[in-house]
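Visitor: need the 3D shape of this:
(4 chains)
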2 protein chains.
Amino acid sequence: MIQKENILPLEVFMDLDRSGPIPLYFQIAQKIEKAVLDGTLPAGSRVENEVSLGDRLGLSRPTIRRAIQDLVDKGLLVRRRGIGTQVVHGQVTRGVDLTSLYEDLTRSGKKPSTKILTYKIVKADAKISDRLGVPIGSDVLYLQRVRAADGVPVSIMENWLPADFTDIKEVDLNEHGLYQILRGRGVTIRVAKQKIGARRSSTQESEILKLDKNAALLTMDRTAYDNSGRAIEFGHHCYRPDLYSFEVTLVEK
Amino acid sequence: MIQKENILPLEVFMDLDRSGPIPLYFQIAQKIEKAVLDGTLPAGSRVENEVSLGDRLGLSRPTIRRAIQDLVDKGLLVRRRGIGTQVVHGQVTRGVDLTSLYEDLTRSGKKPSTKILTYKIVKADAKISDRLGVPIGSDVLYLQRVRAADGVPVSIMENWLPADFTDIKEVDLNEHGLYQILRGRGVTIRVAKQKIGARRSSTQESEILKLDKNAALLTMDRTAYDNSGRAIEFGHHCYRPDLYSFEVTLVEK
DNA sequence: GAGTGGTCTAGACCACGCA
DNA sequence: GCGTGGTCTAGACCACTCC
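Guide: Okay, the predicted model is just below:
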């Protein structure tokens, strides 16, 4: 495989803020990412090596390295020892990055709305107890909601939250995504474990999502943890497969 | 939230190989991961801080830091500035890590087998041209296979590969996974972009997978790139949802 | 104020691919 | 042999959280 010519990024690296709160490696990564997206660094082209880039910018190699590594982890660049760093072919797809469906829809320009079907406090059964790490029989908040985009129903969402979230207001859930509300309470979701599958829809689900009987549903089970490692939310969601899918970028470590 | 007691890992860090080919940060990460899995570091417990661990092991802080960071990225640990590092609650789920279904099945103790339905060289249409980055009308290898686990059909896989892979032997595909064959040719898949969805099965698909008519299928479209960033394979796979699902761990960066 | 993780420096040596 | 990325060191200062 013939390598394309070296393309040295010019001074795309203007206005680096060396004293502000934004890390230097992050600023560098942003500049390089922008250069890839706008074609300054076309697919397959080589990226300047770490040492010389560091020299030119007056930054240490570990700082440059971290910037590039972050882009490699995002699937934007590929590195080979002894060879160099190249831009991956193929358009960039934004992977799932720990946002809720609500934010997903907002970002893609749709207008999300939520209808609450069920809002009640229930006792945790064995499964919920296991997922949330709470005792069996303890109070948990149970939500059943329908999320629509521009008025078209996209997803039925069931969620369970530990007892100390039972004071979440029903009205807030009409106006905001769940993760948005949690953030407002100082809870940051840091890790989520998801299982994505498919099944046929029930009669009720078909009615709600305006699908045929026995249509295919895309399903997702998720447990989300905050920055102390505690389970905050367990959810079982099902999506209209013609309106939603999951995009994932995998990078060999 | 009350934090649990400090639990200082003892000398779980025996036999570190300081001169071998395995990086020190990797060895450290393995030891810590093992301690989490076997309960030495229970869920919610604190992990010793970077500086003191580095001192005790006679290693620099960046080395220790890298080990811990890798585990954070895997969703095993959580960090908070000013607080410390803790073990995430909830059992560890092995995420999808850029292996093929063949390896997936082997690892979970099943016996994979493959039946080739179609093996031929076709001309790239607009879609395949776009996904593989080859000219429209150029030769590509088209495969249609059925993968079974312990004799039960799990997945129908369609794959397209660029012209220089047209010498892949049909017999090899019976015995090995596609990625396995590629590795044997010196091709390393480094990045993959996947889109996971669902749809109803066609009559033919239902027959092959031994499903009811109009059953739900879990589908995955994937483009895979090698370590030079070149597209190596595009695939459209569909799975029996009762036998297969995708597990993904997301970590806020 | 003490303890923690987050960032950054300025070097070093090695492993690998290529000419 | 040379250029590349991969690892590692021994420090430094800062931001944040808790007491």
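Visitor: what's the pLDDT at whichever residue of chain A sits closest to DNA strand C?
Guide: Closest residue of chain A to DNA strand C, CB to the nearest atom of the strand: residue A:82 (2.6 Å). For glycine as for every other residue, the C-beta is placed from the backbone atoms N, C-alpha and C. Here the pLDDT value assigned to residue A:82 is 91.
Visitor: does it sit in a helix, a strand or a coil?
Guide: coil (DSSP: H, G, I helix; E, B strand; the rest coil).
Visitor: repeat for residue A:234
Guide: Going by three-state DSSP: residue A:234 is strand.
Visitor: what is the burial count for it?
Guide: Neighbour count for residue A:234, taken as other CB atoms under 10 Å in any protein chain shown: 23.
Visitor: mind listing what the nearest residue to it once chain neighbours are set aside touches?
Guide: Excluding the flanking residues, the one nearest residue A:234 by CB to CB, 6 or more residues apart in numbering or on different chains is residue A:131, at 4.1 Å. By CB atoms under 8 Å, 6 or more residues apart in numbering or on different chains, the contact set of residue A:131 is A:160, A:223, A:231, A:234, B:90.
Visitor: mind running it again at 10 Å?
Guide: Neighbour list for residue A:131: A:124, A:140, A:160, A:193, A:221-223, A:231, A:233-236, B:89-91 [criterion: CB atoms under 10 Å, 6 or more residues apart in numbering or on different chains].
Visitor: now, the residues you listed that are in helices?
Guide: Using DSSP state H, no member of the contacts of residue A:131 falls within helices.
Visitor: can you flag the buried ones in those residues?
Guide: A:124, A:140, A:160, A:193, A:221-223, A:231, A:233-236, B:89-90 (16 or more other CB atoms under 10 Å in any protein chain shown).
Visitor: for DNA strand D, state which of these is nearest.
Guide: Distances from DNA strand D to these, taken by CB to the nearest atom of the strand, are shortest for residue B:89, at 17.8 Å.
Visitor: can you tell me the SS state at the nearest residue to the closest one once chain neighbours are set aside?
Guide: Closest residue to residue B:89 apart from its sequence neighbours, by CB to CB, 6+ apart: residue B:43 at 4.3 Å. What three-state DSSP gives for residue B:43 is coil.
Visitor: how much space between residue B:43 and residue A:226?
Guide: Look at residue B:43 and residue A:226: by CB to CB, to the nearest Å, they are 13 Å apart.
Visitor: residue A:246 now?
Guide: In terms of CB to CB, residue A:246 sits 23 Å off from residue A:226.
Visitor: more crowded one of the two?
Guide: residue A:226 (21 against 18).
Visitor: quick one on the thing from earlier: which one among the contacts of residue A:131 gets closest to residue A:70?
Guide: If you rank the contacts of residue A:131 by distance to residue A:70 using CB to CB, residue A:193 comes first, at 22.6 Å.
Visitor: run through the residues of chain A sitting next to DNA strand D.
Guide: When proximity is defined as CB under 7 Å from any atom of the strand, chain A approaches DNA strand D at A:47, A:49-52, A:61-62, A:65, A:69, A:79-85.
Visitor: and residue A:118, what does it touch?
Guide: Contacts of residue A:118 by CB under 10 Å, 6+ apart are A:142, A:143, A:144, A:145, A:158.
Visitor: what's the spacing between it and residue A:128?
Guide: For residue A:118, the distance to residue A:128 - CB to CB - is 15 Å.
Visitor: equivalent analysis for residue A:116, please.
Guide: 19 Å.
Visitor: looking at those two, which one has more neighbours?
Guide: residue A:128 (20 against 13).
Visitor: mind pulling up the pLDDT for that one?
Guide: Reported pLDDT for residue A:128: 95.
Visitor: I'd guessed it sits against residue A:160; true?
Guide: Yes - using CB atoms under 10 Å, residue A:128 is in contact with residue A:160, at 5.1 Å.
Visitor: who touches both of those two?
Guide: A:122, A:134, A:140, A:142, A:234.
Visitor: among the residues you listed, which one has the lowest pLDDT?
Guide: Comparing these by pLDDT, residue A:134 comes last, at 93.
Visitor: what secondary structure does that residue sit in?
Guide: Criterion first, three-state DSSP; result for residue A:134: coil.
Visitor: residues of stretch A:82-90 that come out buried?
Guide: Result for stretch A:82-90 [16+ other CB under 10 Å]: buried residues A:84, A:85, A:86, A:87, A:88, A:89, A:90.
Visitor: ugh, wrong one, stretch A:156-171
Guide: So, applying 16+ other CB under 10 Å, buried residues of stretch A:156-171: A:156, A:157, A:158, A:159, A:160, A:161, A:162, A:165, A:168.
Visitor: isn't residue A:156 up against residue A:237?
Guide: Yes - taking CB under 10 Å as the definition, residue A:156 is a contact partner of residue A:237 at 7.0 Å.
Visitor: helices of the stretch 51-200 of chain A, residue ranges please.
Guide: Taking DSSP state H, counting those that start in this stretch, the helices of the stretch 51-200 of chain A run over residues A:61-73, A:101-107, A:126-132, A:170-175, A:178-184.
Visitor: now render these as TSV, adding distance to DNA strand C.
Guide: What follows is the helices of the stretch 51-200 of chain A, written out as TSV (distance: least, CB to the nearest atom of the strand, whole Å):
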stretch	distance to DNA strand C
helix A:61-73	3
helix A:101-107	22
helix A:126-132	25
helix A:170-175	30
helix A:178-184	18
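Visitor: which among the ones you listed is found nearest to residue A:210?
Guide: helix A:101-107 (17.0 Å).
Visitor: ok, back up a step: among the helices of the stretch 51-200 of chain A, which gets the worst mean confidence?
Guide: helix A:101-107 (a mean of 75).
Visitor: re earlier: out of the buried residues of stretch A:156-171, which is nearest to residue B:37?
Guide: For those, the nearest to residue B:37 is residue A:162 (25.0 Å; CB to CB).
Visitor: any idea how far that closest one is from DNA strand D?
Guide: Distance, residue A:162 to DNA strand D, using CB to the nearest atom of the strand, to the nearest Å: 19 Å.
Visitor: and what of residue A:245?
Guide: Taking CB to the nearest atom of the strand, one finds residue A:245 at 32 Å from DNA strand D.
Visitor: wait, doesn't that residue sit right on residue A:239?
Guide: Yes - with contact defined as CB under 10 Å, residue A:245 and residue A:239 form a contacting pair (8.0 Å).
Visitor: need the overlap of contacts for these two.
Guide: A:196, A:218, B:197, B:198.
Visitor: restricted to strands, list those.
Guide: A:196, A:218, B:197, B:198 (DSSP state E).
Visitor: excluding its backbone neighbours, what's nearest the third one?
Guide: Spelled out, it's residue B:197. Residue B:197 sits nearest to residue A:245 (CB to CB, 6+ apart), 3.8 Å away.
Visitor: and that neighbour, how many neighbours?
Guide: There are 17 residues near residue A:245, going by other CB under 10 Å.
Visitor: next one: phi and psi at it?
Guide: Per-residue torsions, residue A:245: phi -150, psi 170 (degrees, to the nearest 10).
Visitor: and it, how far is that from residue A:25?
Guide: For residue A:245 relative to residue A:25 (CB to CB), the value is 32 Å.
Visitor: ok, residue A:153 next?
Guide: 42 Å.
Visitor: and what of residue A:85?
Guide: 15 Å.
Visitor: which parts of the helix-or-strand element of chain A with minimal mean pLDDT are buried?
Guide: One helix or strand of chain A scores below all others by mean pLDDT, DSSP states H and E: helix A:101-107, with a mean of 75. Of all the residues in helix A:101-107, those buried under the rule 16+ other CB under 10 Å are A:101, A:102, A:104, A:105, A:106.
Visitor: surely the second one meets residue A:108?
Guide: Meaning residue A:102. No - when contacts are counted by CB under 10 Å, residue A:102 is not listed as touching residue A:108 (11.4 Å).
Visitor: now do the strands in chain A.
Guide: Under DSSP E, chain A gives strands at A:46-47, A:77-80, A:84-87, A:112-123, A:139-149, A:152-162, A:189-200, A:216-226, A:231-239, A:246-251.
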